[in-house]
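1. have a look at this prediction, sequence included:
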Amino acid sequence: WKIDKDKITYRIIDGEAVILNLDSGYYYSLNSVGTDIWQAINKGKVFGKIVSSLKEKYEVPERQLKSDFIELVKNLEKEKLTKRVND
(Lines give C-alpha, C1' and ligand atoms only; values in the text may rest on other atoms or scores of the structure.)
Protein backbone atom coordinates (compact mmCIF):
# COMPACT_ATOMS: atom_id res chain seq x y z
CA TRP A 1 0.00 0.00 0.00
CA LYS A 2 0.98 3.58 -0.52
CA ILE A 3 -0.37 6.82 0.91
CA ASP A 4 -1.79 8.94 -1.89
CA LYS A 5 0.09 12.10 -0.95
CA ASP A 6 -1.38 14.05 -3.87
CA LYS A 7 -4.88 13.69 -2.40
CA ILE A 8 -4.28 13.96 1.34
CA THR A 9 -2.48 15.81 4.05
CA TYR A 10 -2.05 14.59 7.59
CA ARG A 11 -0.53 15.36 10.96
CA ILE A 12 0.22 13.24 14.00
CA ILE A 13 -1.29 14.90 17.06
CA ASP A 14 -0.88 13.35 20.50
CA GLY A 15 -0.02 9.99 18.90
CA GLU A 16 -3.04 9.91 16.60
CA ALA A 17 -3.13 10.56 12.86
CA VAL A 18 -5.52 13.25 11.67
CA ILE A 19 -5.98 12.96 7.90
CA LEU A 20 -7.63 15.37 5.47
CA ASN A 21 -8.82 14.15 2.09
CA LEU A 22 -8.13 17.19 -0.10
CA ASP A 23 -10.64 16.12 -2.77
CA SER A 24 -13.63 15.55 -0.49
CA GLY A 25 -12.73 17.82 2.43
CA TYR A 26 -13.40 15.01 4.92
CA TYR A 27 -11.24 14.55 8.01
CA TYR A 28 -10.34 11.17 9.46
CA SER A 29 -8.75 10.21 12.76
CA LEU A 30 -6.84 7.01 13.52
CA ASN A 31 -6.26 5.52 16.96
CA SER A 32 -2.75 4.60 18.08
CA VAL A 33 -2.69 1.21 16.29
CA GLY A 34 -4.10 2.75 13.12
CA THR A 35 -1.52 5.53 13.37
CA ASP A 36 1.29 2.98 13.70
CA ILE A 37 0.00 1.23 10.57
CA TRP A 38 -0.32 4.57 8.75
CA GLN A 39 3.24 5.56 9.60
CA ALA A 40 4.59 2.14 8.58
CA ILE A 41 2.82 2.39 5.22
CA ASN A 42 4.24 5.88 4.81
CA LYS A 43 7.73 4.45 5.37
CA GLY A 44 7.14 1.82 2.67
CA LYS A 45 7.07 -1.16 5.02
CA VAL A 46 5.39 -4.35 3.81
CA PHE A 47 2.52 -6.23 5.43
CA GLY A 48 4.63 -8.86 7.24
CA LYS A 49 7.02 -6.33 8.76
CA ILE A 50 4.16 -4.10 9.88
CA VAL A 51 2.37 -6.99 11.59
CA SER A 52 5.62 -8.12 13.26
CA SER A 53 6.30 -4.66 14.67
CA LEU A 54 2.70 -4.34 15.90
CA LYS A 55 2.92 -7.74 17.55
CA GLU A 56 5.99 -6.60 19.48
CA LYS A 57 4.31 -3.39 20.61
CA TYR A 58 0.78 -4.57 21.41
CA GLU A 59 -0.41 -7.63 23.29
CA VAL A 60 -2.82 -8.76 20.59
CA PRO A 61 -2.90 -12.13 18.81
CA GLU A 62 -1.25 -12.05 15.39
CA ARG A 63 -4.46 -13.24 13.72
CA GLN A 64 -6.33 -10.26 15.16
CA LEU A 65 -3.59 -7.84 14.06
CA LYS A 66 -3.71 -9.18 10.50
CA SER A 67 -7.50 -8.95 10.41
CA ASP A 68 -7.51 -5.39 11.81
CA PHE A 69 -4.75 -4.36 9.37
CA ILE A 70 -6.69 -5.67 6.35
CA GLU A 71 -9.89 -4.00 7.52
CA LEU A 72 -8.12 -0.66 8.04
CA VAL A 73 -6.36 -0.62 4.67
CA LYS A 74 -9.59 -1.58 2.88
CA ASN A 75 -11.30 1.39 4.56
CA LEU A 76 -8.38 3.69 3.71
CA GLU A 77 -8.54 2.56 0.07
CA LYS A 78 -12.30 3.03 -0.02
CA GLU A 79 -11.86 6.62 1.18
CA LYS A 80 -9.04 7.11 -1.38
CA LEU A 81 -6.44 7.81 1.31
CA THR A 82 -4.18 4.95 0.25
CA LYS A 83 -3.78 2.88 -2.86
CA ARG A 84 -2.55 -0.61 -3.46
CA VAL A 85 0.76 -0.90 -5.27
CA ASN A 86 2.10 -3.95 -7.02
CA ASP A 87 5.71 -4.90 -6.38
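-> Looks like it came in fine.
2. only C-alpha atoms from now on, for both contacts and neighbour counts.
-> Will do.
3. name the element K49 belongs to?
-> helix 47-57 (DSSP states H and E).
4. in that helix, which residues are buried?
-> Across helix 47-57, burial judged by 16 or more other CA atoms under 10 Å covers 50-51, 54-55.
5. now swap in stretch 69-77 and tell me
-> 69, 72-73, 76-77.
6. what's the helix holding K49 packed up against?
-> In terms of contacts (3 or more CA pairs under 8 Å, 6 or more residues apart in numbering; DSSP states H and E), helix 47-57 is packed against helix 32-42, helix 62-78.
7. picking up where we left off before, now, which of the buried residues of helix 47-57 sits nearest D4?
-> Among these, I50 lies closest to D4 (CA to CA), at 18.5 Å.
8. next up, the contacts around the closest one.
-> I50 sits next to 37, 40 when contact means CA atoms under 8 Å, 6 or more residues apart in numbering.
9. what about it, distance to F69?
-> Separation of I50 from F69 (CA to CA, to the nearest Å): 9 Å.
10. list the residues that contact both of the two?
-> I37.
11. could I get the buried residues of stretch 69-77 as CSV with distance to I3?
-> Below are the buried residues of stretch 69-77 laid out as CSV (distance: CA to CA, whole Å):
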residue, distance to I3
F69, 15
L72, 13
V73, 10
L76, 9
E77, 9
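12. going by distance to I12, which of those wins?
-> Using CA to CA, the buried residues of stretch 69-77 come closest to I12 at L76, 16.5 Å.
13. want to try JSON lines for the helices and strands packed on helix 47-57, with distance to Y10 as columns?
-> As requested, those are exported to JSON lines (distance: least, CA to CA, whole Å):
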{"stretch": "helix 32-42", "distance to Y10": "10"}
{"stretch": "helix 62-78", "distance to Y10": "13"}
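14. point to the residue nearest the middle of this protein.
-> W38 (2.9 Å; CA atoms, centre = their mean).
15. in contact with that one, which residues?
-> A17.
16. for R11, grab phi and psi.
-> Main-chain dihedrals, R11, degrees, to the nearest 10: phi -140, psi 150.
17. what's the spacing between it and S67?
-> 25 Å.
18. now N42
-> N42 is 20 Å from S67, by CA to CA.
19. looking at those two, which is more packed in?
-> In this view N42 and S67 are compared by other CA atoms under 10 Å, and N42 has more residues nearby, 15 against 10.
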